[in-house]
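Enquirer: okay, predicted coordinates and the sequence, questions at the end:
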Amino acid sequence: MSEREKTADSGQHVVFEDWVKGQLGTWEEAWKQTAQAWQAPSANGDPVQGANPEEIGKGLLNFFQALSSIAGTPKPGDFQSAKSVPDMMLKMLQPLWGYSIKLEKQWAEMTGATATGEPENMAELAKQMTKSFYDAQGEDFRKILNVPQLGLNRYYQERFNKAIEKASGFQSALTEFLQLLMIPLEKAHYGVQEEIAKLEKEGKAAIKDSKALYQLWIQKLEDHYMALLRSDDYMNTLRGTLNSLHDYRAARSEFFMDLLQNLPIPTNKEMDELYKDLYILKKRVKELERKVKRDAKR
Amino acid sequence: MQSDKKPHLSELMAPYVMAGELIMARVAGDTAKFYDHIRKAKEVLLSPMQTDIAVTPYDVVWEEDRVKLKHYRPRTEPSLKTPLFIVYAQVNRETMLDLQPGRSVVETFLAAGLDIYMLDWWYPTRKDRYLNLDDHINGYIDEAVDFILEKHGIDQLNIMAICQGGTMSVMYAALHPEKIKNLVLTVTPTNFDHDAGLLNVWARSLDPDKLVASYGNIPGDIMNLGFLLLNPARLMIDKYVGLMENIHNKDFVENFVRMERWIFDSPDLPGETFREFIQWMFIENRLIKNELVLGGKKVDLRNITMPVLNIYGKYDHLVPPAACDQTIGKIGSTDKEDLCLDTGHIGIYVSSKMQREFGPKIIRWLTERDEAPEPVVVATNKNAAKKGKAGEQP
């Protein structure tokens, strides 16, 4: 091994050790924060019910350690000659991690949402952000869009404004729908942690094989999706999303009709009318053909 | 302090990071295997692959508008006197019955000497948005049946139907029982008033008028998205993790790609047909209650008096047993059989196990009834039946 390689080797070890320490520190910190959050009284002053936070925290730590052990001992080398999965993953994750930290700062600065300490999960945070955005839009933006229009262009402007308003309404509903679909991912995450904590508490061996961990997670994910997809919350959100999609498409169609009428292009409405005429005519012709056949057989 | 409670973004992102790590760990396995896996995967993906579907030769013998009738070229002398007419659903395509050599219902039937015709609904375009259930059942299906009967100089044929094609064939059989000798229903829903499948739960809360007004024809991609959402964990994650795990296995990859090609080959559904199907079937459950009227005639299930074989899957999440298991009790046939197989909606046609059970069972059942005298034929909609004369069959 050349001096340069040795240096690179040593550098890799240092980076990886730092990374592992950092990750463990993050998990420990998360454990402490989770414990504090769980121990803190709820808004009405009642203690929060649920699993022992210390146990969950331990489970969380065990989970990460289990993953680390599954991944194996790091070896030196760059991406091409990497001998271990964590080594490679480290390289792959570095730019992503850097980006996520940057994103987090921007996000926090933009919304101030994390400073409140309110959101308990990513889906909730996203919901709060989009809700505040669209609520603000509803109060201010929609008022502007609905200012009465006057004069010769009145109807055109109204249809344009309506299309914008409905597009915004659909975006809002779609975002809410997609956020709903994120919830099972988060529940599965906590479910796996609880399972690990439970095994630890019962003195059973922790799950050491990646396939078993994955199976546990995917099963929990499936269960949470099944519960969500049958819930009233999901049905109402789905219905709301489809209704707003319909409103948006109808408004968009009206707006485009105005544009197309000034061009030598038939509008959707005109084409549909034409197709309906064609459909009725074909149906009549077919009935006549059958009648002729029947009469010919007699 | 307030700042102590502040959740870190990494904490909020933990569920998603964990999901990625678990998938990665599952796919990668241990390090030595991982690199071997990648090397083999590269070999497989860069090598020529056989992923064509529906390769059994056929001729298009009849066409009306977009709808075509395929006639599969026989490999042997026909073993049955009565040809078999296959009616597939309008959701996805009939190519699933001929997915690949060795896993093809069509191939199994041809090898047994069945003379097979199959309806291909093809891809509806905008001009088809006004076509309704009556147009498809009393129009296309009936015209295709008449074509086959005339070509063979016979009065009756066998029908095998699949899923929504089965529901339409049940309606057809109730309206035109005199044209059907034997009816084989596979994964065919007739009862929609149950909560066994998510599809039913969702469909009942849809507003079909709004969807049709928005889209005209309902896009196949929208329906496919709905099917994927029936089980996102398995269909959008686990399935592809399974592919990554087996990506070094050429046979597995080829089969996987064939299935993907079939699944996402989704024609749009004519708007009016969709509207009527959702409203009349899923929301009002008219068929099983004998309350459906098509082309001015009541669809009375008691008019179905020909022999009926009703096959469905125990683990079918799209058309669960609860959707299929009332049919036999509601029809007028005396020769009728329910068969619930240990499989799912698609597995019934493509799984290796079902290749040995499903196709051969249908062949045996049809063969046993090929020489039989003409079955009971219903003359009116009032369930007044008369016996056909023995030996009248051509």
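Expert: Noted; the coordinates are in hand.
Enquirer: residue B:172 is in contact with residue B:139, isn't it?
Expert: No - assessed by C-beta atoms under 8 Å, residue B:172 is found out of contact with residue B:139, at 10.6 Å. Every residue, glycine included, has its C-beta placed from N, CA and C.
Enquirer: the more surrounded of the two?
Expert: Comparing residue B:172 with residue B:139 by other C-beta atoms under 10 Å in any protein chain shown, the one with more neighbours is residue B:172, at 26 against 21.
Enquirer: low-confidence ranges, the stretch 151-298 of chain A, go.
Expert: A:206 (pLDDT under 70).
Enquirer: what pLDDT does residue A:74 get?
Expert: The per-residue pLDDT reported for residue A:74 equals 43.
Enquirer: do the same with residue B:129
Expert: 96.
Enquirer: need phi/psi at it.
Expert: Dihedral pair for residue B:129: phi -70, psi -20, per degrees, to the nearest 10.
Enquirer: what's near enough to touch residue B:195?
Expert: residue B:201 (C-beta atoms under 8 Å, 6 or more residues apart in numbering or on different chains).
Enquirer: tell me which element it is part of?
Expert: When elements are assigned from DSSP states H and E, residue B:195 belongs to no helix and no strand.
Enquirer: quick one: mean pLDDT for stretch B:348-364?
Expert: Stretch B:348-364 comes out at a mean pLDDT of 92.
Enquirer: that one: which residues count as buried?
Expert: Neighbour counts over stretch B:348-364 (16 or more other C-beta atoms under 10 Å in any protein chain shown) mark B:348, B:349, B:350, B:351, B:354, B:355, B:357, B:358, B:359, B:361, B:362, B:363 as buried.
Enquirer: contacts for that stretch next, please.
Expert: Taking C-beta under 8 Å, 6+ apart as the rule, stretch B:348-364 contacts B:96-97, B:99, B:102-103, B:105, B:108-109, B:112, B:114, B:160, B:162, B:184, B:186-187, B:259, B:309, B:311-313, B:316, B:339, B:341, B:343, B:347.
Enquirer: which of those fall in strands?
Expert: B:99, B:103, B:160, B:162, B:184, B:186, B:309, B:311, B:312, B:313, B:339, B:341 (DSSP state E).
Enquirer: please, a ChimeraX command that selects the buried ones among those?
Expert: To isolate the buried ones among the ones in strands among the contacts of stretch B:348-364 in ChimeraX, judged by 16+ other C-beta under 10 Å, type:
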select /B:99,103,160,162,184,186,309,311,312,313,341
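Enquirer: pLDDT-wise, what's the bottom of the ones in strands among the contacts of stretch B:348-364?
Expert: residue B:103 (90).
Enquirer: ok, then the element right after the longest helix anywhere in chain A?
Expert: The helix that spans the most residues within chain A, counting by DSSP state H, is helix A:154-201. Going down the chain from helix A:154-201, the next helix or strand is helix A:210-229, by DSSP H and E.
Enquirer: circling back: could I get the ones in strands among the contacts of stretch B:348-364 in JSON lines, plus columns for distance to chain A?
Expert: As requested, those are arranged in JSON lines below (distance: C-beta to the nearest C-beta, whole Å):
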{"residue": "B:99", "distance to chain A": "26"}
{"residue": "B:103", "distance to chain A": "26"}
{"residue": "B:160", "distance to chain A": "26"}
{"residue": "B:162", "distance to chain A": "25"}
{"residue": "B:184", "distance to chain A": "28"}
{"residue": "B:186", "distance to chain A": "26"}
{"residue": "B:309", "distance to chain A": "31"}
{"residue": "B:311", "distance to chain A": "26"}
{"residue": "B:312", "distance to chain A": "21"}
{"residue": "B:313", "distance to chain A": "19"}
{"residue": "B:339", "distance to chain A": "28"}
{"residue": "B:341", "distance to chain A": "23"}
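Enquirer: switch the ones in strands among the contacts of stretch B:348-364 over to a markdown table; also include distance to residue B:52.
Expert: Shown next, in a markdown table, are the ones in strands among the contacts of stretch B:348-364 (distance: C-beta to C-beta, whole Å):
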| residue | distance to residue B:52 |
| --- | --- |
| B:99 | 10 |
| B:103 | 13 |
| B:160 | 24 |
| B:162 | 21 |
| B:184 | 27 |
| B:186 | 24 |
| B:309 | 31 |
| B:311 | 28 |
| B:312 | 30 |
| B:313 | 27 |
| B:339 | 31 |
| B:341 | 28 |
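Enquirer: ok, now how distant is residue B:303 from residue B:318?
Expert: Applying C-beta to C-beta, to the nearest Å, the value for residue B:303 to residue B:318 is 27 Å.
Enquirer: looking only at neighbour counts, state which of the two leads.
Expert: Higher neighbour count among residue B:303 and residue B:318: residue B:303, with 27 against 19, using other C-beta under 10 Å.
Enquirer: please name the nearest non-neighbouring residue to whatever residue of the stretch 251-394 of chain B ends up closest to chain A.
Expert: Going by C-beta to the nearest C-beta, chain A is nearest to residue B:272 of the stretch 251-394 of chain B, at 9.2 Å. Nearest non-adjacent residue to residue B:272, counting by C-beta to C-beta, 6 or more residues apart in numbering or on different chains: residue B:132, 4.3 Å away.
Enquirer: and residue A:177, how close does it get to residue A:243?
Expert: Taking C-beta to C-beta, one finds residue A:177 at 12 Å from residue A:243.
Enquirer: picking that back up, list phi and psi for the residue nearest to residue B:272.
Expert: Dihedral angles (degrees, to the nearest 10) for residue B:132: phi -110, psi -180.
Enquirer: could you measure from residue B:53 over to residue B:258?
Expert: Residue B:53 is 5 Å from residue B:258, by C-beta to C-beta.
Enquirer: more neighbours, these two?
Expert: Between residue B:53 and residue B:258, counting by other C-beta under 10 Å, residue B:258 is the more crowded of the two (22 against 17).
Enquirer: follow-up on the earlier one: list the contacts for the residue nearest to residue B:272?
Expert: Contacts of residue B:132 (C-beta under 8 Å, 6+ apart): B:270, B:272, B:273, B:276.
Enquirer: now render the residues you listed as TSV, adding neighbour count, distance to residue B:222 and pLDDT.
Expert: Output for those, formatted as TSV (neighbours: other C-beta atoms under 10 Å in any protein chain shown; distance: C-beta to C-beta, whole Å; pLDDT from 0 to 100):
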residue	neighbour count	distance to residue B:222	pLDDT
B:270	29	14	98
B:272	22	16	97
B:273	26	15	98
B:276	20	18	98
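Enquirer: nearest to residue A:154 among the residues you listed?
Expert: residue B:272 (35.4 Å; C-beta to C-beta).
Enquirer: which strand or helix spans that closest one?
Expert: Using DSSP H and E, the element containing residue B:272 is helix B:271-276.
Enquirer: just give the number of residues close to the closest residue to residue B:335 other than its chain neighbours.
Expert: Distances taken as C-beta to C-beta, 6+ apart place residue B:307 nearest to residue B:335, at 3.9 Å, with adjacent residues excluded. By other C-beta under 10 Å, the residues close to residue B:307 number 22.
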